[in-house]
Every structure is written in C-alpha cells, then in structure tokens.
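Participant: One predicted model, sequence on top.
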Amino acid sequence: MSETVFRYRARQRLVMWAFAVLVGAWAGWAAVRSWELLADHQTGAAVGLWLSFGLAPAVVCVVLVGMTTGVTRFDAEGLRTRGMTGRRRVAWRDVENIRALGGRGRYGTITQIGVTRTDGSVFLLPIPYSSAVMLEDPDLDEKLELMRREWKKRRDPGGE
C-alpha cells in the first residue's frame, strides 16, 4: 500500500482562514489602540485593553492558522501526524486501538479520531476532524474505517 494522506477539506480550511482573519483583525485593532493609549501615557488602560480584547483573539488566530497545516499520514509502517501539538510517529504494532471520539463543544458536536497506544497513552489525530463550527467532514467514517483496516492488517505481520 502506498501512503495515504489526510488534510483538512478545502471548505474547512476556508472557514478557518476566514475566522482567523476576522479575529486577527480584531487583535490588530486592540494592539493599535493599546499603542495609542501607551503613547498618551495611559499604561493601565492600554494593558487592560490588550488583555481584555487583544490577547485571546491573537491566540485564537494563531491556533486557527496552525490547525490548517495539520496532516495525518499512514502507510505499511505506521501512522505519522503533524499538527499544533507537534509531530508524532507510531508503528502499527504499538497501536492498541483507533476509534472516533465524539463530544459536545460550546457550538455543537466535535468528532476526532483517537489513537490508543499499547502503553496506554492516547492522542488525537489532527485530521480527520469534523465539527459543526468548522464544517462537517462527510468522509470521516470512511477515513476512520480505512485507517482501522490498515492497522488491523499491519499490526501483527508475523501472525498473517
């Protein structure tokens, strides 16, 4: 089997980028206004404005931009991911389970794929990802099934 690569769908990336631009603009406004207040020697007001209206949107903007670069790859050797929390590589023999993990967020349902390693640790794949806010991935179940089939086929090559 050749390598299979999952990335965010084009519409998901578009929604994330659009939202990132909006919150980035908001953070930019707060930064400019804070600098103006600092220039007028109103340090308290500048810090308050930035902490109240600038910092959170700036963090959200960075997270959204980072999310769009997420990728999950798998092949005969194992699973590799790259996302906001770094890179992971795990061989199929070290995977105990792969399953969809659904939950309720503030704005609707979120479904991610969780990988349980043989040592008991669990990590979430950055992709596939489905959210009511960032658009549903209609192929999430098929992607999960494809990944599970490859894992089951490769986890114990000596047993085949």
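Facilitator: Structure received.
Participant: going forward, measure contacts and count neighbours with C-alpha atoms only.
Facilitator: OK.
Participant: And the strands in the chain?
Facilitator: Along the chain, the segments classed as strands by DSSP state E run 4-7, 71-74, 78-83, 86-91, 95-105, 108-117, 122-131.
Participant: Buried residues in the fifth one, which are they?
Facilitator: Neighbour counts using 16 or more other C-alpha atoms under 10 Å place 95, 96, 97, 98, 100 of strand 95-105 among the buried residues.
Participant: Could you do the first one as well?
Facilitator: Residues of strand 4-7 classed as buried under the neighbour-count rule (16+ other C-alpha under 10 Å) are 6, 7.
Participant: by contact count, what packs against that strand?
Facilitator: strand 71-74, strand 122-131 (3 or more C-alpha pairs under 8 Å, 6 or more residues apart in numbering; DSSP states H and E).
Participant: Compare the mean pLDDT across the ones you listed and name the weakest.
Facilitator: Of all the helices and strands packed on strand 4-7, mean pLDDT reaches its minimum on strand 122-131 (a mean of 82).
Participant: Restrict that one to CA atoms and write it as PDB.
Facilitator: Listed next in PDB are the C-alpha coordinates belonging to strand 122-131 (Å, rounded to 0.1, in the frame of the first residue of the first chain):
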ATOM      1  CA  VAL A 122      -4.000   8.300  24.000                       C
ATOM      2  CA  PHE A 123      -3.500  11.100  21.400                       C
ATOM      3  CA  LEU A 124      -5.900  12.700  19.000                       C
ATOM      4  CA  LEU A 125      -5.200  12.900  15.300                       C
ATOM      5  CA  PRO A 126      -5.300  16.500  13.900                       C
ATOM      6  CA  ILE A 127      -7.100  15.100  10.800                       C
ATOM      7  CA  PRO A 128      -9.700  13.700  10.100                       C
ATOM      8  CA  TYR A 129     -11.700  16.200  12.200                       C
ATOM      9  CA  SER A 130     -15.400  17.100  12.000                       C
ATOM     10  CA  SER A 131     -17.100  20.000  13.700                       C
END
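Participant: Any buried residues in it, and which?
Facilitator: 124, 125, 126, 127, 128, 129, 130, 131.
Participant: Would you convert those residues into TSV that also reports distance to residue 60?
Facilitator: Formatted as TSV, the buried residues of strand 122-131 follow (distance: C-alpha to C-alpha, whole Å):
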residue	distance to residue 60
124	19
125	19
126	16
127	19
128	20
129	18
130	18
131	16
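Participant: List phi and psi for residue 76.
Facilitator: Dihedral pair for residue 76: phi -60, psi -30, per degrees, to the nearest 10.
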